[in-house]
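Pasting a predicted model and its sequence here:
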Amino acid sequence: MAKKKPANAKPLSPVLPEVMEIVFFYPCPHCGRHVPKVNPIEATVAVCDNCKQSFPIVPVDEYGLQYIRIMLGNGKAAVDSDFI
């Protein structure tokens, strides 16, 4: 059961992102559905959540991911400045 807020409760301030993950979508060769994988830096086998078939995927470059994280301040630099 959800707790009820007191009448004089201060509204929560928006929270900034703390960590950033990058999602890559791999097309299933069996049914064509896009299968999401988070930071796939190692060669592995993906399992399609639609047809349940497995297939090998090509990993992404770990240094490229690090570069993107650094450039975006691990997500902090991607925040809409008009919102803050």
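Received, thanks. Numbers count the residues shown, from 1 in each chain.

all contacts plus neighbour counts: C-alpha atoms, from now on.
Fine.

Show me where this structure has its strands.
Here the chain has its strands, by DSSP state E, at 23-27, 34-38, 44-47, 54-57.

from the chain's centre, how far out does the helix or strand of the chain with the lowest mean pLDDT sit?
In the chain, no helix or strand scores lower on mean pLDDT, DSSP states H and E than helix 62-71, which sits at a mean of 94. In this view, helix 62-71 has its centroid 14 Å away from the chain centroid, taken as CA atoms, centre = their mean, to the nearest Å.

Does anything pack onto it? Which helices or strands?
Packing partners of helix 62-71 (3 or more CA pairs under 8 Å, 6 or more residues apart in numbering; DSSP states H and E): none among the helices and strands.

Identify each buried residue in that helix, please.
65, 69 (16 or more other CA atoms under 10 Å).

before we move on, the earlier item: of all the strands of the chain, which one is nearest residue 77?
Closest to residue 77 of those, according to CA to CA: strand 23-27, at 17.9 Å.

Identify the residues contacting that closest one?
Strand 23-27 has contacts (CA atoms under 8 Å, 6 or more residues apart in numbering) with 33-40, 57.
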